[in-house]
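Peer 1: Structure for the following, please:
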Amino acid sequence: MTFHFSVLASGSTGNAFYIGTEKEKILVDAGLSGKEMTRLFSEINIDPNSLSKILVTHEHSDHIKGLGIFARKYNLPIYANEKTWKAMNHAIGKIELDQKFVFNMEETKTFGDIDVESFAVSHDAAEPMFYTFHHNGKKVALVTDLGYVSERIKKTVQGADALIFEANHDVGMLRMGRYPWSVKRRILGDSGHVSNEDCAIALKDIIENETKRIYLAHLSKDNNMKDLARMSVENGLTDYGFKLGDQLSLHDTDPKVPTPIYEVV
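Peer 2: As a prediction, the model looks like this:
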């Protein structure tokens with residue numbers, strides 16, 4: 001199996017993403033309990049002992065809940081930027097010095113046969129960043145937890161063969177929902193989350209001929225539904241002239257069920 005990935009879990013309750021090759025196997029975030037993380041890997045038939053490292057996007061609990069436990073259990077090095085390290089230190093327990101590494105924002109690191117590029121996003125965390133992954137001319141982009149999609153982000157992730165992209169909420173559901181207005185304002189703001197409609201608007205500038213798959217990610221359990229997110233994004237892309245089918249397809253993600261491993265060819 002060459003370049004492949006699975007969205008292990010995605011949603012407001014917990015997030016984790018796996019990407020790997022024969023030589024290098026990377027986990028991004030561990031936002032579920034250590035026990036749940038191990039279960040997710042068993043469901044895609046990947047042994048956590050074969051992982052090489054964990055990358056962290058930011059310190060919110062739905063991204064680091066099981067980070068410390070999982071890293072200690074499988075003796076995995078953790079990579080995060082310095083501000084994220086400071087913000088999450090108290091929440092992940094003791095991590096040995098030889099497991100702590102800094103991955104700066106707007107930096108590219110080579111891990112085995114995968115080049116990983118980090119980029120800044122607008123979100124209410126210490127220094128949130130996400131990643132693109134490159135292997136043998138193929139590219140996978142992971143983009144969630146951002147209030148808006150800047151031109152710089154669009155250029156960074158443009159032309160990815162596969163995109164894991166935020167479609168967090170339906171604006172109508174959010175406005176009518178039970179959240180207090182302060183929380184609604186945060187989600188709708190520039191440091192919050194991308195709506196279904198804004199997801200489609202951003203994707204129209206990102207999708208290129210290489211793009212085959214889009215995974216709609218980080219759906220709110222209270223302010224979105226899989227069918228609604230898919231319909232909204234599909235309708236938006238169709239309006240912009242994209243034809244969905246064999247060449248370009250939309251896929252769901254789930255907070256508890258990993259997506260089948262997809263091989264990027």
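Peer 1: which residues does D222 contact?
Peer 2: D222 makes contacts with 12, 173, 177-179, as judged by CB atoms under 8 Å, 6 or more residues apart in numbering. C-beta: built from backbone N, CA, C; applies to glycine.
Peer 1: Can you name the next helix or strand after the longest helix seen in the chain?
Peer 2: In the chain, assigned by DSSP state H, the helix with the most residues is helix 226-239. Proceeding N to C from helix 226-239, the next assigned helix or strand is strand 249-252, under DSSP states H and E.
Peer 1: Extract the C-alpha trace of that next one and format it as PDB.
Peer 2: The C-alpha coordinates for strand 249-252 follow below in PDB (Å, rounded to 0.1, in the frame of the first residue of the first chain):
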ATOM      1  CA  SER A 249     -16.700  12.900  -5.300                       C
ATOM      2  CA  LEU A 250     -17.900  14.000  -1.900                       C
ATOM      3  CA  HIS A 251     -17.500  11.800   1.200                       C
ATOM      4  CA  ASP A 252     -18.800  11.900   4.700                       C
END
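Peer 1: need the next SSE after that strand, C-terminal direction.
Peer 2: strand 262-263.
Peer 1: before we move on, the earlier item: what residues of the longest helix of the chain count as buried?
Peer 2: For helix 226-239, the neighbour count (16 or more other CB atoms under 10 Å) marks 228-230, 232-234, 236-237 as buried.
Peer 1: Tell me the helices and strands packed up against it.
Peer 2: helix 196-206, strand 213-217, strand 249-252 (3 or more CB pairs under 8 Å, 6 or more residues apart in numbering; DSSP states H and E).
Peer 1: Tell me what angle the longest one forms with helix 226-239.
Peer 2: Using axes from the mean of the first three to the mean of the last three CA atoms, to 10 degrees, the interaxial angle of helix 196-206 with respect to helix 226-239 works out to 40 degrees.
Peer 1: Could you do the second one as well?
Peer 2: Interaxial angle, strand 213-217 versus helix 226-239 (the same axes, to 10 degrees): 130 degrees.
Peer 1: how far does strand 213-217 sit from the chain's center?
Peer 2: 10 Å (CA atoms, centre = their mean, to the nearest Å).
Peer 1: cool, and the shortest one?
Peer 2: Strand 249-252 has its C-alpha centroid displaced from the chain centroid by 15 Å (CA atoms, centre = their mean).
Peer 1: Could I get the average pLDDT for that strand?
Peer 2: The predicted model assigns strand 249-252 a mean pLDDT of 98.
Peer 1: Please name the strands paired to it in the sheet, noting orientation.
Peer 2: Strand partners for strand 249-252, identified by DSSP bridges, are recorded as strand 213-217 (parallel).
Peer 1: re earlier: return the most buried member of the helices and strands packed on helix 226-239.
Peer 2: strand 213-217 (a mean of 25; mean count of other CB atoms under 10 Å).
Peer 1: quick one: contacts of that strand?
Peer 2: Contacts for strand 213-217 (CB under 8 Å, 6+ apart): 7, 10, 15, 144, 161-167, 199, 203, 207, 226, 229-230, 233, 248-253, 259, 262.
Peer 1: Which of the three states applies to D98?
Peer 2: Following DSSP: H, G, I helix; E, B strand; the rest coil, the label given to D98 is helix.
Peer 1: Could you report the separation of it from F119?
Peer 2: To F119, D98 is 27 Å away according to CB to CB, to the nearest Å.
Peer 1: Between those two, which is the more surrounded one?
Peer 2: Shown here are D98 and F119; by other CB atoms under 10 Å, F119 has more neighbours (20 against 8).
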